[in-house]
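Colleague: let me see the structure of the following:
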Amino acid sequence: MAVDKISILVVEDEPAIAELVVFTLRSAGWNPVVVRNVADAWEFLQKNAPQLILLDWMLPDQTGLRLLARVRAERQWNGLPVIMLTAKSMEEDKIAGFDHGADDYITKPFSPRELTARINAMLRRKSPEHGQSVMAIDTVMLDPLSCSVSIGGQKIEIGHAEYKLLKFFMAHPERAFSRSQLLDKVWGDHAVIEERTVDVHVLRLRKVMKEAQHLIKTVRSVGYMLTEK
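Modeller: I've put the predicted structure just below:
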């Protein structure tokens, strides 16, 4: 089963740095999306679900810390990895970044190798859907190595799309995702799929999960989530 390209939102207004970051990320096999200010970054996040944000501290409209605070205030973005890119190297600045919810901090100028290494380390810690460990929630077990799912010890037949959807939900339990976020995270923004198609796949997933279908909850005005509550 192929792994979709990891999407990384780059919030950086300096063209030379943005160009270097994009080249570095593409060389590593990731899919970078560059925006120049907080407003554009927030607009992007309303319609897309990147796996990581590289966030500059000083931006033309607001500080990166303002965006970081807004991201952390949203339940669905609470676990989204954010690495600060900044020329600020004072210890109190780093503490301020971590206090606002930053996961890591890279001081300019930085080398492409350092950037790649930091992102790889962060994705390993923060993106369980790309791992190979067996996932288990309630009576549901998913094995990424064999691409199999069992419920109550019994292996079930599950379609490719429903498998990907379940794997994503199990990697991010107790988090609500909109239909557009699920489209981007599960199928990728290259897929020609309408948002209502997500409802069809959720319906199919619930059907194959049988007695465990109650784990997939509809969140009013938001979308869907997997929860044991």
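
Colleague: contacting residues around the closest residue to residue 5 other than its chain neighbours?
Modeller: Nearest non-adjacent residue to residue 5, counting by CB to CB, 6 or more residues apart in numbering: residue 31, 4.3 Å away. (Each C-beta comes from the backbone N, C-alpha and C, glycine too.) Contacts for residue 31 (CB atoms under 8 Å, 6 or more residues apart in numbering) come out as 5, 6, 7, 8, 25.

Colleague: how many other residues sit next to the third one?
Modeller: Residue 7 is flanked by 19 other residues according to other CB atoms under 10 Å.

Colleague: just to revisit the earlier point, so what sits opposite the residue nearest to residue 5 in the bridge?
Modeller: residue 7 (DSSP bridges).

Colleague: let me know the pLDDT of it.
Modeller: The model reports residue 31 with a pLDDT of 92.

Colleague: again with the one 4 residues further on
Modeller: pLDDT recorded at residue 35 is 97.

Colleague: can you check residue 177 too?
Modeller: Note for residue 177: predicted pLDDT of 91.

Colleague: same question for residue 89.
Modeller: 68.

Colleague: contacts only, for residue 120.
Modeller: residue 28.

Colleague: how near is the most centrally placed residue in the chain to residue 26?
Modeller: Geometric centre of the chain, nearest residue: residue 51, 3.0 Å, by CA atoms, centre = their mean. Using CB to CB, to the nearest Å, residue 51 is found at 15 Å from residue 26.

Colleague: what do you get for residue 197?
Modeller: With distances taken as CB to CB, residue 197 is found 29 Å from residue 26.

Colleague: much appreciated, bye for now.
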